[in-house]
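*Asks:* I would like to see how this sequence folds:
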Amino acid sequence: MNALRTAHTADLDPAELHEIHALLEAAFEGDFDEDDWDHTIGGIHAWLRDERGVAAHGSVVQRRVQHAGRSLRVGYVEGVAVRADRRREGLGGLVMEALERVIDRAYVLGALSASDDGAALYAGRGWVRWPGRIAALGPSGVVPLPDEEGTTYLRPVAGLPDASEALLFDWRDGDVL
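*Replies:* Below is the predicted model:
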């Protein structure tokens, strides 16, 4: 019980992916659509199982973020959730520990967009709320994302970027962040 596993999306079988997808749909109570699922796959997953199935999950996927004229390889955290009956037991922290290990060894920076409920978990683990501007490089140019300002957290692997320059995230369908 509670055995933590990590694997790339390519190494998960369809039944495992279906079970993770079902957990995320239930945990986000209808606020998890196909674009959100698309954002969650394609990277490294960390999850815990118990006798009832997947109890907690998170993934880290690669994204590009432009900052001060540089293109940064960023490990972006997606799909972090704990099944309702297992919340407040530290499972989210165990999942994040595994994802942070990936970020620390493979990326120059970790990033995520935190919900109000999740912000305390990330801040307690040393993630820093980004105080600067957030934007995305969209099909028609730079798109400011003022609603994401204050909810974006970073895990600085090699130091925190200069907050006087915006973080310019790559474009994707659905919620950009």
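
*Asks:* so where does Leu154 fall, helix or strand?
*Replies:* Element membership for Leu154 (DSSP states H and E) is strand 152-156.

*Asks:* can you pull the buried residues of that strand?
*Replies:* 152-155 (16 or more other C-beta atoms under 10 Å). Every C-beta, even on glycine, is put in place using the N, C-alpha and C of the backbone.

*Asks:* so which residues of the protein form strands?
*Replies:* For the chain, the strands defined by DSSP state E cover 3-8, 44-50, 53-67, 70-82, 109-113, 128-129, 134-138, 141-144, 152-156, 167-170.

*Asks:* so what does the last one touch, helix or strand wise?
*Replies:* Just to be clear, that refers to strand 167-170. strand 53-67, strand 134-138 (3 or more C-beta pairs under 8 Å, 6 or more residues apart in numbering; DSSP states H and E).

*Asks:* ok, back up a step: which among the buried residues of strand 152-156 gets closest to Trp47?
*Replies:* Trp47 lies nearest to Arg155 out of the buried residues of strand 152-156, by C-beta to C-beta, at 19.7 Å.

*Asks:* chain neighbours aside, what residue packs nearest to the closest one?
*Replies:* Among residues not flanking Arg155 along the chain, Gly110 sits closest, at 3.1 Å (C-beta to C-beta, 6 or more residues apart in numbering).

*Asks:* give me the neighbour count for Leu109.
*Replies:* 22 (other C-beta atoms under 10 Å).

*Asks:* was I right about it contacting Leu72?
*Replies:* Yes. Judged on C-beta atoms under 8 Å, Leu109 makes contact with Leu72 at a distance of 5.6 Å.

*Asks:* overlap in contacts of those two?
*Replies:* Common contact partners of Leu109 and Leu72 (C-beta atoms under 8 Å, 6 or more residues apart in numbering): 65, 161.

*Asks:* what sits against Ala111?
*Replies:* Taking C-beta under 8 Å, 6+ apart, one finds 63, 65, 74-77, 130, 152-155, 167 in contact with Ala111.

*Asks:* er, Ala84 I mean
*Replies:* Contacts for Ala84 (C-beta under 8 Å, 6+ apart) come out as 26-27.

*Asks:* confidence score at it?
*Replies:* Here the pLDDT value assigned to Ala84 is 95.

*Asks:* roughly how far apart are it and Arg52?
*Replies:* Taking C-beta to C-beta, to the nearest Å as the measure, Ala84 falls 11 Å from Arg52.

*Asks:* excluding sequence neighbours, find me the nearest residue to the spatially most central residue of the chain.
*Replies:* For the chain, Val77 is the residue whose C-alpha lies nearest the centre (C-alpha atoms, centre = their mean; 1.6 Å). Spatial nearest neighbour of Val77, excluding adjacent residues (C-beta to C-beta, 6+ apart): Leu112 at 3.9 Å.
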